[in-house]
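Asker: how would this look folded up:
(chains A and B)
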Amino acid sequence: GENVEQHPSTLSVQEGDSAVIKCTYSDSASNYFPWYKQELGKRPQLIIDIRSNVGEKKDQRIAVTLNKTAKHFSLHITETQPEDSAVYFCAASRGGATNKLIFGTGTLLAVQP
Amino acid sequence: DTGVSQNPRHKITKRGQNVTFRCDPISEHNRLYWYRQTLGQGPEFLTYFQNEAQLEKSRLLSDRFSAERPKGSFSTLEIQRTEQGDSAMYLCASSVGQGNPEAFFGQGTRLTVV
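Answerer: Numbers count the residues shown, from 1 in each chain, chains lettered A, B, ... in the order given. From the prediction side, this is the model:
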């Protein structure tokens, strides 16, 4: 069935360092890969996404890469700041009629000042 | 606030009672989704509406769960005969539709069944 694995489950970095979170998906028909940031007690917020016809996308300090052959995609955060501390979720969708999202289990990122 | 709105934010109920949650999507978003999130996990898909039509339901959605979107705008999720295992955060999301898959989430309704 559809499955998204996410690693690591927790990640602690020093302020200014980079952070990388990796996901693997099982459904080869997946073509849309968003990343959400969820602070404690708040809604998941879409921070960046990538579609299967693109290998990399950047938005300021955030970038996402996609390897369709290996069914891997990754989130890269550079120059981390304490306000980046949150739980990050990757997700995959095959688009089409539903666009339902299959989420990973989340990564708790702690940026130490 | 023009984002996705959910009510109530918190609900505590006794086991066996029925509860109903409401979701108001972003205006003009045709697609509406319900997800359930338990502590330490990612959101899990429950059901999906395209306008007023419920087009997909997860196997997670037992027959005690029912969702409606009668006029293609707001949606309700009802849980009958609640069980302790129903305790979770229930999240609603909406998106414009095919070709524009970005989904925006509401703040959720946290259900506690005691």
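Asker: which ones are touching residue 81?
Answerer: Picking chain A for this. Remark: with contacts taken as CB atoms under 8 Å, 6 or more residues apart in numbering or on different chains, residue A:81 is in contact with A:15, A:111. For glycine as for every other residue, the C-beta is placed from the backbone atoms N, C-alpha and C.
Asker: The intended chain is chain B.
Answerer: Residues touching residue B:81, when contacts are defined by CB under 8 Å, 6+ apart, comprise B:16, B:17, B:18, B:64.
Asker: so which pair among those is furthest apart in space?
Answerer: B:17 and B:64 (11.6 Å; CB to CB).
Asker: what sits in contact with each of those two?
Answerer: Overlap between the neighbourhoods of residue B:17 and residue B:64 consists of B:81, B:82, taking contacts as CB under 8 Å, 6+ apart.
Asker: contacting residues for the residue in chain A that chain B sits nearest to?
Answerer: Nearest to chain B in chain A, going by CB to the nearest CB, is residue A:103, at a distance of 3.1 Å. Contact analysis of residue A:103 by CB under 8 Å, 6+ apart lists A:4, A:36, A:89, A:90, A:91, B:42, B:43, B:44.
Asker: can you rerun that using 6 Å?
Answerer: A:89, A:91, B:42, B:43 (CB atoms under 6 Å, 6 or more residues apart in numbering or on different chains).
Asker: What about residue B:39, how many residues nearby?
Answerer: Residues within reach of residue B:39, counting by other CB atoms under 10 Å in any protein chain shown, total 7.
Asker: Could you report the separation of it from residue B:52?
Answerer: From residue B:39 over to residue B:52 the distance is 33 Å, taken as CB to CB, to the nearest Å.
Asker: who does the helix-or-strand element of chain B with minimal mean pLDDT pair up with?
Answerer: Taking mean pLDDT, DSSP states H and E as the measure, the helix or strand of chain B with the lowest value is strand B:53-57, at a mean of 93. Note on strand B:53-57: by DSSP bridges, its sheet partners are strand B:44-50 (antiparallel).
Asker: Identify all contacting residues around the least confident helix or strand of chain B.
Answerer: Contacts of strand B:53-57 from elsewhere in the structure, counted by CB under 6 Å, 6+ apart, are A:98, B:47, B:48.
Asker: residues touching the first one, list them.
Answerer: Taking CB under 6 Å, 6+ apart as the criterion, residue A:98 is in contact with B:48, B:56.
Asker: And the average pLDDT for the helix or strand containing residue B:93 is what?
Answerer: Under the criterion of DSSP states H and E, residue B:93 resides in strand B:88-95. Model confidence over strand B:88-95 averages 97 on the pLDDT scale.
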